[in-house]
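>>> What would the 3D arrangement of this be:
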Amino acid sequence: MEKKLILRGLLAGAVGGLLTFLFARIFAEPWISKAIDYESGRDAAQAALDKAAGVPAEAAGPDIFSRTIQADVGVGVGLIVFGMAMGALFAVAYAVCLGRVGGVRPRGLSLLLAGGGFLGIYLVPFLKYPANPPAIGHEETIKARSGLYLIMVVCSVAFLVGAAWLGKRLQPRFGSWNAVLLAGAAFVVATGVVMLLLPSLGHLAYNKENFGNHSTETPLPLKDPKGDIVYPGFPADVLFSFRFYSVLAQLLLWSVIGLVYAPLADRLLNPRPDTSATRKPAPVPA
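Sure, this is the predicted structure:
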């Protein structure tokens, strides 16, 4: 039974990943291209400043894959594989929760878990460390940023599971409505404490040493030795639009996983009875 549930999760995740890729290709890709154009222009401006200051320019490495391959094949395969991974994880959680969450039906459980997956795995970590397009983030901080984001994801999922457990324990004493409110408040408080304790990306050691304290790694205006701006900071509309469509893409992914998985799991767990064997043959007319 568990293997069949996981296979259905893989299928739902693949469908979700494919639809998410189509959505991202249409709506998010133009903003990624604008971010890459900004990065290229800023690198050229920085190279001109370095040349004027007598600093030797670093040779740019060759692109292994073209931009077209990256935007189509690379992103498409990546999102489908990611969707399948999330679908398998979703199916495991579904199998664990099945029969342990009261009278929730298979279809309803699928939608609840999809909402929890979107909230715990993506949306809450996004509030602390939002997704960034190209040109934002320093190579020297990739390891630190990845570790912090992973900590935020683990804490978010753990607090969400803990809130569900707490709500179930409080239900007999406070009732369903009050138990949900209390568990939700506990989740918000615990998550808020972790967000306060974890550093902002602009406060990482490398950023503090080279750029000072800032809330993010978003590039500021590039200035020459006289303090004149020679290249603007990262466009706010590009940053907002990229993050907006990133949230919508993840919402689409988890919605599709929940909606596709719901009938698949329901048919597996509640198969329709075969009435063909018990059907009486029609009487032969005399």
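>>> roughly how far out does stretch 228-238 sit from the chain middle?
27 Å (Cα atoms, centre = their mean, to the nearest Å).
>>> buried sites along that stretch?
By neighbour count with 16 or more other Cβ atoms under 10 Å, stretch 228-238 contains the buried residues Y231, F234, V238. Any C-beta I mention is one placed from the backbone N, CA and C, and that applies to glycine too.
>>> Reformat those as a markdown table; add secondary structure.
Shown next, in a markdown table, are the buried residues of stretch 228-238 (DSSP: H, G, I helix; E, B strand; the rest coil):
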| residue | secondary structure |
| --- | --- |
| Y231 | strand |
| F234 | coil |
| V238 | helix |
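>>> Dump these to CSV, plus pLDDT and distance to S156.
As requested, the buried residues of stretch 228-238 are exported to CSV (pLDDT from 0 to 100; distance: Cβ to Cβ, whole Å):
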residue, pLDDT, distance to S156
Y231, 91, 37
F234, 93, 27
V238, 95, 27
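>>> Go through those and name the one nearest L111.
Lowest distance from L111 to the buried residues of stretch 228-238 (Cβ to Cβ) belongs to V238, with 33.7 Å.
>>> so how far is V247 from that closest one?
The gap separating V238 from V247 is 15 Å, by Cβ to Cβ, to the nearest Å.
>>> hmm, back to that, let me have the buried residues of stretch 228-238 in JSON lines, extended by distance to L150.
Output for those, formatted as JSON lines (distance: Cβ to Cβ, whole Å):
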{"residue": "Y231", "distance to L150": "33"}
{"residue": "F234", "distance to L150": "25"}
{"residue": "V238", "distance to L150": "26"}
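>>> so which of the residues you listed would you say is closest to G167?
V238 (40.2 Å).
>>> In which helix or strand does the nearest residue in space to that closest one that is not next to it in sequence reside?
The shortest distance from V238 to any non-neighbouring residue, by Cβ to Cβ, 6 or more residues apart in numbering, is to K34 (5.0 Å). Secondary structure assignment for K34, by DSSP states H and E: helix 29-52.
>>> Just list what that helix packs against, helices and strands only.
strand 222-223, strand 229-231, helix 236-269 (3 or more Cβ pairs under 8 Å, 6 or more residues apart in numbering; DSSP states H and E).
>>> Other residues contacting the first one?
Identification of contacts with strand 222-223 by Cβ atoms under 8 Å, 6 or more residues apart in numbering yields R42, A45, Q46, L49, I229, V230, Y231, P232.
>>> Make a markdown table from those and add distance to G116 to it.
Below are these laid out as a markdown table (distance: Cβ to Cβ, whole Å):
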| residue | distance to G116 |
| --- | --- |
| R42 | 40 |
| A45 | 45 |
| Q46 | 44 |
| L49 | 49 |
| I229 | 46 |
| V230 | 48 |
| Y231 | 43 |
| P232 | 41 |
